[in-house]
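[1] A predicted structure for the sequence below; I have some questions about it.
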Amino acid sequence: MDNKTQGQLLEEQLLMKKQNGAEILSDEEIAKADAFCEGYKKFLKYAKTERGAVTETVKILKQHGYEELDPDKKYEAGDKVYQINRGKAICFATIGTRPIKEGVRMVASHIDSPRLDLKPNPLYEEAEMALFKTHYYGGIRKYQWTAIPLALHGIVVKKGGEVVDVSIGEEPGEPIFVITDLLPHLSQNQNQRTLADGIRGEELNILIGSRAFKDDKASSKVKLAIAKILFDKYGMVESDFQAADLQYVPAFEPADVGFDRSMIGAYGHDDKVCAYTSLMAAVEAPNPEYTHVTVLADKEEVGSPGATGMGSSYFVNFVSDLAKPYGVDGYTVMSNTKCLSADVNAAFDPTFADVYERNNSCYINYGAVVTKYTGARGKNGCNDSTAEFMGFVRDCFDAEGVLWQTGELGKVDQGGGGTVAVEVSKHNADVVDIGVPVLSMHAPFEVVSKIDTYMTYRAFKAFLK
Ligand code: MN
Ligand code: MN
């Protein structure tokens, strides 16, 4: 016989109770989360850049019977199509049984992550060392990028148009690269700088070689020796850097974190953790009622500009191409569309507790985090989902037993951020942010919980059902 007091009973009836997945989920469910994350770790190892993520995504799509979109074809329920945008973004869809004019279920994440791009004229020699000049991409804390192993990724377009793929530093036995930093013995002056200024943009120079080309007359002989290696390996010359997308990313591999292996440490969780979870949820929902469209976008980390960012019309054009054979306009579809903007949020960090507001932060192991609004200084630049749409997603997740929580990005006046939600909302679609809580966001090695990653995948499945 239960001897609960009236207060206890009222508590249960009226008050919200946040629940830690590690405590309330069955061992079987936690084992499923762990198994799911093994696939994610494999994906992420090769999906560090947006181009890498597109390549890995297409492999998975093809395994599940997706074909390249033919814009002139009329697609029927159950058909599966994808379209790549410039090798840096991708949209894919599974056609549903309902008429497309009733809208689609869209999940949009981004596959670019903060990193160091090469400048158009990067190669130089100083003090008989060869180095690359970089220009950082996205919001990085520069001091975190020195003295760690870095890998090089990207493409070079040679004169005449031949494209060469570059990837060095990921496979065992390959060389890696590094940005040097001062030793503590000589850092007295540097120590007086603010943390933001501790390492400056023009100090993010990558060490790439130190052996001179043996020749009595040539100058800049270390630079020359490196140029020769690049020519022998890729057939490229110095001016080819002008037509290249070359990026340095951390050379770390995804790894389990903690004695209990409950977390994953890796570069690029933001936002490949949402890209992968939305991808797997979509390919495992083969006969949907509403057509579902998944967008993996580029350029979010610099504000979603450019032809491959969500500010571009390509994802709406993709929807329009599906609707056109039915005599339906893209804007009609978008106006009836429900969208999850799939992106990470900052998990509460006890070491830096003062930047978070405890009641409205997200916590690791408490499930997928729904973020009603982002923005900074009074919700500036936010989407702010409607109460109606919040109500819709809540019922949708609860019906499927998804563990989820809400979260704000830190204290009101502490800072802020944005996602692709605003870009989707410009097309008159309902949209809200949802994703995985992340520790050390935008650091070279970010941390997520396996339970949260799995629950975000389950949230997408519930939404696409
Ligand atoms: Mn993000
Ligand atoms: Mn980000």
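    Perfect, I can see it now. Numbering: from 1, shown residues only. Ligands and ions are numbered 1, 2, ... in the order given.
[2] Where does the record place the domain boundaries for this protein?
    Taking automatic domain parsing as the domain assignment, the ranges for the chain are 17-113+267-464, 117-250.
[3] Enumerate the residues of this protein near ligand 1.
    Counting by C-beta under 5 Å from the ion, the chain comes close to ligand 1 at D270, D271, D343. No exception for glycine: its C-beta is placed from N, CA and C like everyone else's.
[4] sorry, back to before: highest mean neighbour count out of the domains of the chain?
    Stretch with highest mean neighbour count among the domains of the chain: domain 17-113+267-464 (a mean of 20; mean count of other C-beta atoms under 10 Å).
[5] Serialize the domains of the chain to TSV and add fields for distance to T5 and mean pLDDT.
    Putting the domains of the chain into TSV (distance: least, C-beta to C-beta, whole Å; pLDDT from 0 to 100) gives the following:
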stretch	distance to T5	mean pLDDT
domain 17-113+267-464	17	97
domain 117-250	50	97
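[6] so which of these gets nearest G258?
    Evaluated over these, closeness to G258 peaks at domain 17-113+267-464, with 9.1 Å, by C-beta to C-beta.
[7] Span of the closest one from start to end?
    For domain 17-113+267-464, the first-to-last residue distance is 27 Å (C-alpha to C-alpha, to the nearest Å).
[8] residue contacts, the closest residue to D256 other than its chain neighbours?
    In space, and not counting its chain neighbours, D256 is closest to I264: 6.4 Å by C-beta to C-beta, 6 or more residues apart in numbering. Going by C-beta atoms under 8 Å, 6 or more residues apart in numbering, I264 touches C37, Y40, K41, P254, A255, D256, V257, V447, V448, S449, K450, T453.
[9] before we move on, the earlier item: among the residues of the chain next to ligand 1, which lie within helices?
    D270, D271 (DSSP state H).
[10] from the residues of the chain next to ligand 1, which is closest to K80?
    Nearest member of the residues of the chain next to ligand 1 to K80, counting by C-beta to C-beta, is D271, at 23.2 Å.
[11] I'd say the closest one and S341 touch.
    No. Using C-beta atoms under 8 Å, D271 is not in contact with S341, being 10.0 Å away.
[12] If you check the stretch 1-150 of the chain against ligand 1, which residue is the closest one?
    As assessed by C-beta to the ion, ligand 1 sits closest to H110 within the stretch 1-150 of the chain, at 5.7 Å.
[13] OK, contacts around that residue?
    So H110 contacts 271, 274-275, 296-301, 304, 310, 343, 420 (C-beta under 8 Å, 6+ apart).
[14] swap the cut-off to 10 Å and go again
    50, 53, 89, 270-272, 274-275, 295-301, 304, 309-310, 341-344, 419-420 (C-beta atoms under 10 Å, 6 or more residues apart in numbering).
[15] can I get the domains of the chain in TSV with distance to L9?
    Shown next, in TSV, are the domains of the chain (distance: least, C-beta to C-beta, whole Å):
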stretch	distance to L9
domain 17-113+267-464	14
domain 117-250	48
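[16] Can you show me the strands along the stretch 351-465 of the chain?
    Secondary structure of the stretch 351-465 of the chain (DSSP state E, counting those that start in this stretch): strands at 368-371, 375-376, 404-406, 416-417, 430-435, 437-439, 446-449.
[17] in terms of contact count, name the helices or strands touching the last one.
    Helices and strands touching strand 446-449, as assessed by 3 or more C-beta pairs under 10 Å, 6 or more residues apart in numbering; DSSP states H and E, comprise helix 27-46, strand 255-257, strand 263-266, helix 269-283, strand 437-439.
[18] and L207, helix, strand or coil?
    What DSSP: H, G, I helix; E, B strand; the rest coil gives for L207 is strand.
[19] so what's it bridging to?
    L131, V178 (DSSP bridges).
[20] where along the stretch 101-250 of the chain do the helices fall?
    Counting by DSSP state H, counting those that start in this stretch, the stretch 101-250 of the chain has helices at residues 221-234.
[21] remind me, longest strand of the protein?
    Longest strand in the chain by number of residues (criterion: DSSP state E): strand 115-126.
[22] And the residue nearest the centre of the protein?
    Nearest to the centroid of the C-alpha atoms of the chain, with distances taken as C-alpha atoms, centre = their mean, sits D271, at 1.6 Å.
[23] Roughly how far does that residue sit from L322?
    Relative to L322, D271 is positioned 24 Å away (C-beta to C-beta, to the nearest Å).
[24] Now do the shared contacts for D271 and S341.
    Taking C-beta under 10 Å, 6+ apart as the criterion, D271 and S341 both touch S109, H110, E300, T419, V420, G435.
[25] Could you list which residues are in contact with the first one?
    Residues counted as contacts of S109 (C-beta under 10 Å, 6+ apart) are 53, 270-279, 294-297, 300, 310, 340-344, 419-420, 434-435, 460.
[26] Quickly list what it is bridged to.
    L296.
[27] Check the last one too.
    Under DSSP bridges, the beta-bridge partners of G435 are V369.
[28] Surely it is in contact with N345?
    Yes. Using C-beta atoms under 10 Å, G435 is in contact with N345, at 6.1 Å.
[29] Overlap in contacts, the two.
    D270, C362, A368, V369, V370, T371, G407, T419.
[30] for the residue of the stretch 351-465 of the chain found nearest ligand 1, what are its contacts?
    At 6.2 Å from ligand 1, T419 is the closest residue in the stretch 351-465 of the chain, using C-beta to the ion. Going by C-beta under 10 Å, 6+ apart, T419 touches 108-110, 271, 274, 300, 304, 310, 341-345, 371, 374-375, 382-383, 409, 431, 433, 435.
[31] so D240 sits right up against V164, yeah?
    Yes. D240 lies in contact with V164 (C-beta under 10 Å); the separation is 8.3 Å.
[32] Quickly list what's touching both of the two.
    In contact with both D240 and V164: V156, V157, K158, L230, Y234, using C-beta under 10 Å, 6+ apart.
[33] Quick check: the farthest pair among those?
    Greatest spatial distance among these (C-beta to C-beta): V157 and L230, at 14.2 Å.
[34] just to revisit the earlier point, how close does the residue of the stretch 1-150 of the chain closest to ligand 1 sit to T308?
    Distance from H110 to T308, by C-beta to C-beta: 10 Å.
[35] what do the two both touch?
    Joint contacts of H110 and T308 (C-beta under 10 Å, 6+ apart) are E50, A89, A297, D298, K299.
[36] pretty sure V249 contacts Y136?
    No. The pair V249 / Y136 is not scored as a contact, 11.6 Å apart, by C-beta under 10 Å.
[37] Next, show the common contact partners of these two.
    P114, R115, L116.
[38] which of those has the most neighbours?
    L116 (27 neighbours; other C-beta atoms under 10 Å).
[39] pLDDT value on that residue, please?
    L116 carries a pLDDT value of 98.
[40] Enumerate every residue touching it.
    By C-beta under 10 Å, 6+ apart, the contact set of L116 is 132-138, 140, 142, 145, 150, 152, 177, 179, 201, 204-206, 246-250.
[41] which residues does it bridge with?
    The partner residues for L116, given DSSP bridges, come to Y136, Y248.
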